[in-house]
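In: Quick check, what structure comes out for this input:
(one chain, ligands or ions: 1)
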Amino acid sequence: MKEDNFEFFWINSDGEKKLATENLVIGNQVYNEKLITKKGTEYRLWDPFRSKLAAAIMNGLEIFPFKNKSSVLYLGVSTGTTVSHISDIVGPSGIIFGVEHASRVARDFLDRVASHRANIIPILQDARKPKEYFSVFGKVDVVYVDIAQPDQTNIAIENCKMYLKKDGYFFLVIKTRSIDVTKSPKRIVEEEIQRMEVYFEILQVIDLHPYDKDHAMVIAKFLK
Ligand SMILES: C[S@@+](CC[C@H](N)C(=O)[O-])C[C@H]1O[C@@H](n2cnc3c(N)ncnc32)[C@H](O)[C@@H]1O
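Out: The predicted structure is shown next:
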């Protein structure tokens, strides 16, 4: 079953409805996720314990701007778990610029994900230097940031100023513990939101518990 206008699916598996995306690369698994074929279409189950975007969907995400043909700048792709599902969603006519600075992780990402998926352009760069992403062209529909850095909001804002369309969407994963261990998670999220409010309209804040107990997701619209 397809969720309203959202480009993900709920598939029956082991007697439960599970989140899934339609596999862009038939037979290809990224993190040992289950593949299920129904009526000739292959789906990949999307594990909310492994992907914070899936956790946000499970916890009531109201805006889902990742669509067929969307363009996305993704900071902190790591080994590519979440980005592989976004790749399924945006399809062959969409594009994802995937930034990662750790070369060992990036190699894994290239081998297991980017080399199989033509809609992903890997960028081995530091997200603090957005001017050095020479392969990004034009402005994107969505910027997704999951880099777990204390100054991630400032890094994200600089990236959005360069690459996000006006009225484009911004997803920020806040790792509440990495920013300041002495502050409560609620206060950390509030302070990050205050920093964002100059540039963004905040649309939703989602606690990712129980899938991920140390993170929250902020979804916002770019006003500049
Ligand atoms: C929590 S992981 C991301 C997980 C991934 N988003 C997923 O859902 O599959 C954070 C990643 O951000 C990367 N990272 C941290 N700081 C960065 C920076 N300044 N530039 C680029 N990547 C960075 C780390 O190397 C790490 O792979």
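In: how's the chain carved up into domains?
Out: Following the TED database, one finds the domains of the chain at 9-45, 52-222.
In: For the ligand, what is the nearest residue in this structure?
Out: Taking CB to the nearest ligand atom as the measure, the chain has residue 76 as its residue closest to the ligand, at 2.9 Å. In this view, the C-beta of every residue, glycine as well, is placed from N, C-alpha and C.
In: doesn't residue 156 make contact with that residue?
Out: No. In terms of CB atoms under 8 Å, residue 76 does not count as a neighbour of residue 156; the distance is 10.2 Å.
In: Would you mind listing what in the chain touches the ligand?
Out: Counting by CB under 6 Å from any ligand atom, the chain comes close to the ligand at 51-52, 75-76, 78, 81-82, 99-102, 105, 126-128, 146-149.
In: I'd like to know which of the residues you listed are buried.
Out: 51-52, 75-76, 78, 81-82, 99-101, 105, 127-128, 146-149 (16 or more other CB atoms under 10 Å).
In: Just those residues: which are in helices?
Out: Those of those mapping onto helices are 52, 81-82, 105, per DSSP state H.
In: For those, give me CSV that also has pLDDT.
Out: Below are these laid out as CSV (pLDDT from 0 to 100):
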residue, pLDDT
52, 98
81, 98
82, 98
105, 95
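In: mind listing what the longest strand along the chain pairs with, with the direction of each?
Out: When the chain is parsed with DSSP state E, its longest strand is strand 164-175. As defined by DSSP bridges, the strand partners of strand 164-175 come to strand 140-145 (parallel), strand 215-222 (antiparallel).
In: which residues make contact with that strand from outside it?
Out: Contacts to strand 164-175, defined as CB atoms under 8 Å, 6 or more residues apart in numbering, come from residues 52-53, 56, 63, 65, 73, 139-146, 148, 152-153, 156, 160, 188-189, 192, 196, 200, 214-224.
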